[in-house]
Each structure stands twice: as C-alpha cells, then as structure tokens.
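>>> Here is my input, please return the structure:
(one chain, ligands or ions: 2)
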Amino acid sequence: MRGRGLEGAVGVDRLRVYSVDDESIQVTWRGSDDGRLLIGAGPAQVEVTCAPSADLRRHARRTWPLDRHAWGPGAAVLEGLEPDTEYEVWVETAGGARGTVACAKTLARPRGALLYRLATLNDIHIGERRFGLARNFEDRHPLPPPGDPYPLRCARAAIQEAVAWGANHLVVKGDLTRDSEPAELHAVGRLLRAAGIPADVVLGNHDVRNGVAAADYLAGYGIDARPVVRHRDLPGLRLILAHTPGPGDRWGQVLPGQADQIARLARAAAGPCMLVVHHPPATGPVTLHYPPGIYHAQSQGLLRRLAAANPATIVVSGHTHRNRVGWSHGIPCVETSSTKDYPGQWTGYRVFEGGVVQTARRVQAPAAIAWTEATSRAVGGQWGRWTPGALADRSWSLVWPVPPPS
Ligand SMILES: [Fe+2]
Ligand SMILES: [Fe+2]
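Ligands and ions are numbered 1, 2, ... in the order given. Predicted structure coming up:
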C-alpha cells in the first residue's frame, strides 16, 4: 500500500491520504482557500462544502486561527475503486483550478465473499472537558450546538459515519468515560443505544475508578460490558472480549487463568478470531511509550497461547490513542486512535472468507474534525505527529493463515 500528498496544490493545505482499503480512499486536509471543492480519483468524485476555519482555543490564552486559510479542515471518501490499483487524487476548486494532490494505491482484496462489516471505537472519554498535557485545550468552537461537548459529538458522529459505511456491529474498546461517573456512564448508554446496531463493550482504566460497577449501568441500556472473558460469534469471525484494567490506573493485566480461557475460546472457534481488549499487549521486550499496556510477561504468555490455539487471530486494543500494528508470535496486535482527539477516528473491518481489511476513518462531521484537528497541536505539536501512525498502521489487508490440523 502506498499514499502520499503533494503539498500546496490548488490552495489546499496538508492534504493527506489518511486511509485506503480495497475499494476506497479517504483524504483529509487542514484548510483550504475555497469553500467548495470537487475531489476525485479514477471513476469516483465527491463535492465537498468546506467548514469554516477552525480556531485554537487554550485556557486563559488568546484564541488563534488554526490555519491561515479561509476554510477549515475536512475529509472526503472516494468510493467504488478497484483493489490493488494506483490512483491519482485530484482537486478542483469552485474557481476552476485543478491539480493532482496525492497518489495512493488501494489494498489487495482477500479471496472469497464479504461476510461482515464491523466498526470499532475506543477512548471516547465521555465527560472530558479539556484536552492536552496541561488540560488547556478548550472546546468553544462556534459550530457545535450548546450542551454538545466534544467527546459526545465526536463519538456520535463516528457512530453515524460507521453505520452509513455499513457496519453491522459496533465494538467499543474501553475508556468510555473520563472518571467512571454515573452521569458519564448514562450518557454512554444513551449514545450506544441510539446507534441502531448491536454493540459490545470492554472497559478501560478510566471506567473502573471509584468502585463504580460500570457494567451494571450499561446493562440498563442493553449493553454487555461485563468484566469477564466472553465471546460472540459473528459471520466469519469470533469476537473474544476480555477485561484488562489492573489494580493500578495505567498498566493492564491478563492473568494466567484469563489467558487460558481466551486460548480455549480461540481454539474452539469455527474460524478466525478477534481478541478485543483495552490495553495493548507488549509485542517487544521493552515498553518505550506511555501509557503502558499489559505487563510484558503476561502479554507474551497470552500471545504464545493464542498462536498455538488459533493462528488466525488478531488482537485489537485502544488506550494509547494512537495507530500502530505490532507483531509477536505471528499474531498482529493493533492499536487504534481515539475518537475525540487527533486524528479522531473510528476503525472498520471488512471480514472476508479469506482475510480481513482494516480501514481507519477520520470522523468527517465538520463540528468533530474542527475540534480534533485543533488537538493536533497538543504536547507542543507532537500529538499530531505521534498519534496517526503510518498509513500501513491505519490501513492493511490480511490473509488468514491456514490453521494447523487438529
Ligand atoms: Fe484513553
Ligand atoms: Fe486507557
């Protein structure tokens, strides 16, 4: 897979190929000189009405425009493309200027029929009021209606866009709340109940604070978030959901008894498995990033058992608010970015008989992307560089390995 943006073309700033899959490309940009854009690739084209320019608002500091352009950040999806094919992406402005702005290659399509579409969110952190290391990024953009704070409107827009994409099932990978407050958990319940598709949830470290039984609150909305190892069989994929928050606030854990349960479920599956956890397993000998995931020895024990039980398994997690794919024991361990801070995304999986395709999509709703784009400036701008990962972390196609004879 491949994708690159060509800077400065036709007055569109920082246009990037954010994701590709076997049938579509998503491009995103920070700002533009023109309020209406026509964007195309191959047989696909889409007309975009740009959002007003976004501002950078920090507590007790002056408000700055995020970008020098008259119109704000945006995104567009070009659909109906051929797999494994190179495309040039072009932009045409209302003034008639037209230029090629990026090149991208779509992913190979796994063999066999498309069986299912699954969408995941993580780290929605309902209840958060400010963002950044110093918690000084404020949400006072004029676009959102009053009383619609950024975590809620980003998550709502993500779910709407995932459902429009065709998601059959939603999985939320923890850190639903800021602080396990009952009001936050009720808001999560209402949000997921309104999704209109079934949802499964694992809890994160932010959801188990103050002795609150988060799963009991969510059960009242028909959402299964029990802190146990459990499974759900979907067409073409067995979901295994496991509770990883440890007794501290940051590290995750999978105790040997849990790992045995997970391996038994993976071995008994009729086909491929997706293990859903909040904390990522450690795939290397040393954890070099913050926040840390599952303890190293426990991670390696889990992945060794999984590889022996069912090599057609992927592990998906959240917690780090970044996109990354690490491999250990032949098992891909996939971290994905948060919905409510840069880059602000949901993640889709198209499950085929012969494999799976992941595509990460930035949430496109103007009131969401205006906020998430501003948060790229957090941590001195490092947040915008660290969290998206590489295109290969966001968009990949995997052929299921043939399981060993039983
Ligand atoms: Fe989080
Ligand atoms: Fe977390």
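
>>> In the stretch 1-150 of the chain, which residue sits nearest ligand 1?
Residue nearest to ligand 1 within the stretch 1-150 of the chain (Cβ to the ion): D123, separated by 3.6 Å. Every C-beta, even on glycine, is put in place using the N, C-alpha and C of the backbone.

>>> Now that residue. Nearest residue, chain neighbours left out?
S338 (3.7 Å; Cβ to Cβ, 6 or more residues apart in numbering).

>>> Tell me the pLDDT of that neighbour.
At S338, the model reports a pLDDT of 98.

>>> before we move on, what about R135?
pLDDT recorded at R135 is 73.

>>> how many other residues sit next to the residue of the stretch 1-150 of the chain closest to ligand 1?
D123 has 25 neighbouring residues, counting by other Cβ atoms under 10 Å.

>>> sec struct for it, please.
Per DSSP: H, G, I helix; E, B strand; the rest coil, the local secondary structure of D123 is coil.

>>> any idea which element the residue most central in space within the chain lies in?
Nearest to the geometric centre of the chain sits W346, at 3.7 Å (Cα atoms, centre = their mean). Per DSSP states H and E, W346 falls inside strand 345-352.

>>> now A134
Applying DSSP H and E, one finds A134 in no helix or strand.

>>> count of neighbours near it?
Neighbours of A134 using other Cβ under 10 Å come to 11.

>>> Provide a list of residues in contact with the residue nearest to the centre of the chain.
By Cβ atoms under 8 Å, 6 or more residues apart in numbering, the contact set of W346 is A119, T120, L121, A158, I159, E161, A162, T339, A360, R361, V363.

>>> Isn't H125 up against Y150?
No. At 9.5 Å, H125 and Y150 do not qualify as touching, with contact defined as Cβ atoms under 8 Å.

>>> Spit out the contact partners of the residue nearest to D123.
N122, D123, I124, H125, D175, G318, H321, G344, Q345, T387.

>>> Relative to R250, how far out is the closest residue in space to the first one that isn't next to it in sequence?
Once flanking residues are discounted, N122 sits nearest to G318: 2.8 Å by Cβ to Cβ, 6+ apart. In this structure, G318 lies at 13 Å from R250, with Cβ to Cβ, to the nearest Å as the measure.

>>> on that earlier part again, so what does the residue nearest to D123 look like in phi/psi?
With angles defined as degrees, to the nearest 10, S338 shows backbone torsions of phi -70, psi 160.

>>> quick one on the thing from earlier: pick out whichever of G318 and R250 has more residues nearby.
Neighbours were tallied for G318 and for R250 using other Cβ under 10 Å; the higher tally belongs to G318 (29 against 13).

>>> Contacts only, for the more buried one.
The contact partners of G318, taken as Cβ under 8 Å, 6+ apart, are N122, D123, K173, G174, D175, G204, H278, P280, E335, T336, S338.

>>> what about it, distance to P247?
With Cβ to Cβ as the criterion, G318 and P247 are 20 Å apart.

>>> hmm, back to that, might one say that the residue of the stretch 1-150 of the chain closest to ligand 1 is in contact with N205?
No. Here D123 lies out of contact with N205, judged by Cβ under 8 Å, at a distance of 10.5 Å.

>>> Which single residue of the stretch 51-200 of the chain ends up nearest ligand 2?
Closest approach between the stretch 51-200 of the chain and ligand 2, counting by Cβ to the ion: D175, at 4.3 Å.

>>> Just the pLDDT at the spatially closest residue to that residue that is not a sequence neighbour, thanks.
Of all residues not flanking D175 in the chain, G204 sits nearest, at 3.5 Å (Cβ to Cβ, 6+ apart). At G204, the model reports a pLDDT of 97.

>>> With T283 instead?
For T283, the predicted pLDDT is 91.

>>> Phi and psi next, for it.
According to degrees, to the nearest 10, T283 has phi -100, psi -10.

>>> which residue sits closest to it, ignoring its sequence neighbours?
G326 (3.5 Å).

>>> next structured bit after the helix or strand in which that neighbour is found?
In this assignment (DSSP H and E), G326 forms part of strand 324-328. Downstream of strand 324-328, the next assigned helix or strand under DSSP H and E is strand 331-335.

>>> Need the residues that contact that next one.
Contact partners of strand 331-335, identified using Cβ under 8 Å, 6+ apart, comprise 280-281, 283, 303, 306-307, 311, 313-320, 322-327, 358, 398.

>>> Name every strand pairing with that strand and say which way it goes.
Here strand 331-335 is paired, per DSSP bridges, with strand 313-317 (parallel), strand 324-328 (antiparallel).

>>> For A268, find the nearest of the ones you listed.
strand 313-317 (12.5 Å; Cβ to Cβ).

>>> Just want the angle from the closest one to strand 345-352.
170 degrees (axes from the mean of the first three to the mean of the last three Cα atoms, to 10 degrees).

>>> could I get strand 313-317 in PDB with only the CA atoms?
Extracted C-alpha coordinates of strand 313-317, given in PDB (Å, rounded to 0.1, in the frame of the first residue of the first chain):
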ATOM      1  CA  THR A 313      -6.300 -14.400  15.400                       C
ATOM      2  CA  ILE A 314      -5.900 -10.600  15.600                       C
ATOM      3  CA  VAL A 315      -5.700  -8.600  18.800                       C
ATOM      4  CA  VAL A 316      -7.300  -5.100  18.800                       C
ATOM      5  CA  SER A 317      -7.000  -2.500  21.600                       C
END
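
>>> what about it and ligand 2, touching?
No. Residues of strand 313-317 are not located near ligand 2 by Cβ under 5 Å from the ion, the shortest gap being 9.4 Å.
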